[in-house]
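Asks: Let me see the structure of the following:
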Amino acid sequence: LEDENYVFYKINYSLYQCQSLEVLSLRCCNLNLPDSICLSSLNRLALEVVKLSHDAIKDLTSSCPLLKVLFMIRCNSASDLNIFIENPHVESLSITEVVGYDRESQITIYALNISGLEFHWSLMRSSYCIDSYYGLAKLLKDLSLVSSLTLSNNFIQPLSLRGLMVITPVTLKVTYLELRTGFGKYELPGIAHLLKSCVDLEKLVIHIDGVEDTKFNDFNRECGLSYLSHYEFDKREYWKTKDFDFSSCLQKFKLTGTGKDSALPPDGIAAAATIFNLIMESELKVVAASAFDDEDDLVIFNLQYLQWTRD
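Replies: Here you go, the predicted model:
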């Protein structure tokens with residue numbers, strides 16, 4: 001989606017002085033910030049298809065002392081997106097992007113105090129392209145203190161390259177990890193890479209979505225490698241390999257289940273491997289992901305979602 005398809009309006013400066021405003025959603029606008037901003041009650045902010053200057057997020061969030069949640073949807077599709085948040089009260093950041101972005105643009109995130117980060121849909125900027133996986137490593141390193149992380153398959157698949165290239169996983173402080181995946185072939189190493197990175201993981205939620213594999217644009221040309229010939233593997237046998245090891249993060253998990261497949265081994269590593277084997281052997285064809293209940297600590301084998309927790 002290109003910027004020229006939208007008509008961007010300017011916001012009346014009086015809006016930025018509304019001290020009673022608690023929730024604000026802006027769409028298709030040019031965020032022209034005044035010198036003085038006083039949104040003293042604002043706690044939730046959503047920006048959709050909004051043009052942002054380099055310091056816009058920094059200036060806006062710094063003027064909202066009670067802001068806790070920030071949604072950014074399809075912002076700056078033709079230019080770099082700088083997300084600099086100094087406000088210590090901002091807890092959650094959600095970023096949604098779609099195909100059609102300028103592949104030379106990038107996202108820079110600096111938000112050390114957030115405890116939750118979500119990426120949705122496609123991440124097509126240069127920072128996330130498969131031929132820039134070291135930029136992806138830097139992003140993960142910058143997120144090392146995040147405790148809650150939600151990722152879609154478009155982010156998981158580039159992580160597969162990191163795993164297959166035998167790059168040491170970044171150690172993350174994530175205790176809650178939520179993944180949306182169709183268990184496509186080139187998502188599997190990325191999932192394994194994340195699990196090995198999350199050494200403090202307490203809860204893992206997997207939403208099963210039917211998705212297509214991301215095309216690794218120009219990977220062979222840029223890296224001088226043939227991805228398939230050098231790193232080919234059988235996805236149905238992937239979780240069964242003796243070299244695969246969950247021990248860094250899943251050995252403390254206790255697994256319970258319902259239904260005919262609920263008789264799983266009590267050991268967390270073996271149980272997790274059993275789950276993944278069941279999924280791969282079913283030749284998964286899933287329709288839509290299902291919402292989950294935070295109070296339900298059971299593994300549901302209807303192939304709509306999986307959830308398991310630590311003691």
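Asks: where does the residue nearest to residue 33 when sequence neighbours are not counted land in three-state SS?
Replies: Closest residue to residue 33 apart from its sequence neighbours, by Cβ to Cβ, 6 or more residues apart in numbering: residue 59 at 5.5 Å. Just so you know, the C-beta spots here come from the backbone N, C-alpha and C atoms, and that holds for glycine as well. Under the three-state scheme (DSSP: H, G, I helix; E, B strand; the rest coil), residue 59 adopts helix.
Asks: count of residues packed around residue 59?
Replies: By other Cβ atoms under 10 Å, the residues close to residue 59 number 17.
Asks: isn't it right up against residue 35?
Replies: No - between residue 59 and residue 35 there is no contact, the gap being 9.6 Å when judged by Cβ atoms under 8 Å.
Asks: Let me know the pLDDT of residue 30.
Replies: Among the per-residue scores, residue 30 shows a pLDDT of 87.
Asks: tell me the contacts of it?
Replies: 8-11, 50-51 (Cβ atoms under 8 Å, 6 or more residues apart in numbering).
Asks: likewise residue 73?
Replies: By Cβ under 8 Å, 6+ apart, the neighbours of residue 73 are 46-49, 96.
Asks: Run a quick neighbour tally on the residue lying closest to residue 53 once chain neighbours are set aside.
Replies: Excluding the flanking residues, the one nearest residue 53 by Cβ to Cβ, 6+ apart is residue 31, at 7.2 Å. Look at residue 31: counted by other Cβ under 10 Å, it has 18 neighbours.
Asks: ditto for residue 21
Replies: Residue 21: 17 surrounding residues under other Cβ under 10 Å.
Asks: Now do it against residue 105, distance only.
Replies: 31 Å (Cβ to Cβ, to the nearest Å).
Asks: what does residue 83 give?
Replies: With distances defined as Cβ to Cβ, the gap from residue 83 to residue 105 amounts to 13 Å.
Asks: repeat for residue 119
Replies: Spatial separation of residue 119 from residue 105 under the definition Cβ to Cβ is 16 Å.
Asks: Between those two, which is the more surrounded one?
Replies: When residue 119 is set against residue 105 and neighbours are counted by other Cβ under 10 Å, the residue ahead is residue 119, at 22 against 16.
Asks: Tell me if that one really is in a strand.
Replies: Yes - for residue 119, which was evaluated using three-state DSSP, the result is membership in a strand.
Asks: Low-confidence regions, the stretch 51-200 of the chain specifically.
Replies: Per-residue confidence of the stretch 51-200 of the chain (counting by pLDDT under 70) places the weak regions at 98-103, 112, 115, 117, 121-139, 141-142, 154, 158, 161-169.
Asks: how does it look with 90?
Replies: Per-residue confidence of the stretch 51-200 of the chain (counting by pLDDT under 90) places the weak regions at 54, 73-200.
Asks: all strands for it, in order.
Replies: 69-73, 81-84, 92-97, 107-110, 116-121, 148-151, 176-181 (DSSP state E, counting those that start in this stretch).
Asks: Alpha carbons only: can I get the third one in PDB?
Replies: The C-alpha atoms that make up strand 92-97 are tabulated as PDB, following Å, rounded to 0.1, in the frame of the first residue of the first chain:
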ATOM      1  CA  SER A  92       3.100  -2.400  25.200                       C
ATOM      2  CA  LEU A  93       4.000  -1.600  21.600                       C
ATOM      3  CA  SER A  94       2.200  -3.300  18.700                       C
ATOM      4  CA  ILE A  95       3.400  -2.900  15.100                       C
ATOM      5  CA  THR A  96       1.400  -3.900  12.000                       C
ATOM      6  CA  GLU A  97       2.800  -3.700   8.500                       C
END
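Asks: on that earlier part again, can I get the contacts of residue 73 in a markdown table including distance to residue 151 and neighbour count?
Replies: Formatted as a markdown table, the entries for the contacts of residue 73 read as follows, by distance: Cβ to Cβ, whole Å; neighbours: other Cβ atoms under 10 Å:
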| residue | distance to residue 151 | neighbour count |
| --- | --- | --- |
| 46 | 20 | 16 |
| 47 | 21 | 23 |
| 48 | 21 | 15 |
| 49 | 23 | 18 |
| 96 | 13 | 17 |
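Asks: out of those residues, which are inside strands?
Replies: By the criterion of DSSP state E, membership of the contacts of residue 73 in strands covers 46-49, 96.
Asks: Make a markdown table from those residues and add distance to residue 204 to it.
Replies: Putting the ones in strands among the contacts of residue 73 into a markdown table (distance: Cβ to Cβ, whole Å) gives the following:
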| residue | distance to residue 204 |
| --- | --- |
| 46 | 28 |
| 47 | 30 |
| 48 | 30 |
| 49 | 33 |
| 96 | 22 |
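Asks: Of all the residues you listed, the one with the weakest confidence?
Replies: Among the ones in strands among the contacts of residue 73, residue 96 carries the weakest pLDDT, at 82.
Asks: Now do the same contact list for that residue.
Replies: Contacts for residue 96 (Cβ under 8 Å, 6+ apart) come out as 71-74, 119-121.
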